[in-house]
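K.L.:
How does the following fold in three dimensions:
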Amino acid sequence: MPWELVIWIISVVLLLALMTQGWWQSRVPLWKRQARDTPWRWYLVGFPATVARMRWTWRKLTQNRDLAVTRRPRYTVIGRDTMVRGTAVRPLPPRLGVPRPTPVGLTVRVHLHPGQTPAAFIASADAFAHAWRVHEVRVISVKRGQVLITATATNPLIESATWRRVPAPRLLAAVVGRTGDSGGVWVIDFRSVPHWLITGATQSGKSTLLAALVTELGAQDVALVGVDCKGGLELGVFERRLSALATTRAEAITVLSALVSEVEDRMAACRAAGVRSVWQLPEDERRVPVVLVVDEVSELYLTDGSAASRKEAAECSTLLLRLAQLGAALGVHVVVAAQRFGSELGSGVTALRAQLGGRICHRVHDETTAEMTLGDLSPDAVIVAQAIGEHEQGVAVTTVGGSWLRVRSRLLSPDQARQYAERQAHLTPKLPALARAMGEGGGS
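P.N.:
Residues are numbered from 1 along each chain as shown. Got it, this is the predicted structure:
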């Protein structure tokens, strides 16, 4: 019995089981949910057809892309003195594993021949997508001698008004959109990755992501602090929910200095209790987590050439770097956003980037920003980020620890953001040290 028929039968059996038992999405039977929530066509028709197309084209595709190898020697001796070099007529393709369906596509492992590397397969991702007639193919190396191919049948990042809000899985985790591999929720978790760098050109979706992030965190017991040196144009809509908002560089120095003092106080409390993290303290002794959001960080680093301006920029750089270095274990987290992020802003930028383990890159106008955002963690992601089109507002590439994903943030209008801030204003924690510093400094 052909593999394709077996896989098709298994898919039908699993679908029938899901219909009768209601295992999928809150244990609600499939026939009681709306058609848009159920990938009927994909499981019944698309998946078997795509698997058949993969099997049918695999040998020829690997030969055309030089992914097949031959076990025969390259050189053959004819007669006594003549050596001929040639290629076998039927090279052996790498072994294709059993495809496994996902709600928006499929995954399959490929076992490489000795001497092959994942680079050639990664470069052939577009060829796979065209041959199999799917929206996108992503290839990653998950194990020595193997690559994992993830094929997405349709674009799960299409903007839709039907995107539903999903509760955050835990404190300091925010559900901000969808992922492009499975169409699942995109979660930014500060407990797993303490600090984040977000880059993107104007109208790329960077501000939308910040709005979704602040809104989700605003519903939790978290102190939000904003630094927006563009006069508060972006973060000003959340002012009712922010514990402090700095709109000039002088105010930013005041806020950052107060947060550094807060970090030092928390450090002393942890040292006195004999623990290495605020999360090891008893809950009644633990201070509220703080998330610092810096919009357009270049405003803190750029100078007009004067001595006073250079001094302010250096002070901002030092304070921000210190927060990123010390804050992770002490419940103080940093989110840095910028249209352009490069070494021309100053030597402190590279040092700050090294502390920001989470990276998100929207459409950018220059390769340097994409390289600075993603290049040191996942070089392959730089190419993917540069391919984001102007019509894909909100689409970005995120990478943590070497793996990358295409994602899209949830659309949130300024009016909606302002309404959320009004409703969440009563949840705003008071940080005494920060309040005193802003009162003395005359900030917001």
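K.L.:
wait, what's in contact with the spatially most central residue of the chain?
P.N.:
For the chain, T398 is the residue whose C-alpha lies nearest the centre (Cα atoms, centre = their mean; 2.7 Å). Residues in contact with T398 (Cβ atoms under 8 Å, 6 or more residues apart in numbering) are W186, G358, R359, I360, C361, W404, L405, V407. Just so you know, the C-beta spots here come from the backbone N, C-alpha and C atoms, and that holds for glycine as well.
K.L.:
what do you get if the cut-off is 6 Å, keeping everything else the same?
P.N.:
I360, L405, V407 (Cβ atoms under 6 Å, 6 or more residues apart in numbering).
K.L.:
what about the helices in the stretch 51-200 of the chain?
P.N.:
According to DSSP state H, counting those that start in this stretch, the stretch 51-200 of the chain carries its helices in the segments 118-123, 125-132.
K.L.:
Could you export those to CSV, including columns for mean pLDDT, mean neighbour count and distance to K60?
P.N.:
Listed next are the helices of the stretch 51-200 of the chain as CSV, based on pLDDT from 0 to 100; neighbours: other Cβ atoms under 10 Å; distance: least, Cβ to Cβ, whole Å:
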stretch, mean pLDDT, mean neighbour count, distance to K60
helix 118-123, 86, 17, 16
helix 125-132, 91, 17, 9
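K.L.:
between those helices, which gets nearest to A324?
P.N.:
helix 118-123 (31.6 Å; Cβ to Cβ).
K.L.:
Output the closest one in PDB, but only the C-alpha positions, please.
P.N.:
Extracted in PDB, the C-alpha atoms of helix 118-123 (Å, rounded to 0.1, in the frame of the first residue of the first chain):
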ATOM      1  CA  PRO A 118      22.000  21.900   5.900                       C
ATOM      2  CA  ALA A 119      23.100  25.000   4.000                       C
ATOM      3  CA  ALA A 120      22.200  23.600   0.600                       C
ATOM      4  CA  PHE A 121      18.700  22.600   1.800                       C
ATOM      5  CA  ILE A 122      18.200  26.000   3.400                       C
ATOM      6  CA  ALA A 123      19.100  27.600   0.100                       C
END
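K.L.:
partners of the residue nearest to the centre of the chain in the sheet?
P.N.:
Counting by DSSP bridges, T398 forms beta bridges with I360, L405.
K.L.:
Kindly report the same for L92.
P.N.:
V69.
K.L.:
neighbours of it, just the number please.
P.N.:
14 (other Cβ atoms under 10 Å).
K.L.:
where's A437, which helix or strand?
P.N.:
helix 432-441 (DSSP states H and E).
K.L.:
buried set for the longest helix along the chain?
P.N.:
Counting by DSSP state H, the longest helix found in the chain is helix 249-273. Burial within helix 249-273, assessed by neighbour count using 16 or more other Cβ atoms under 10 Å, is assigned to 249, 251-260, 262-263, 266, 269-270.
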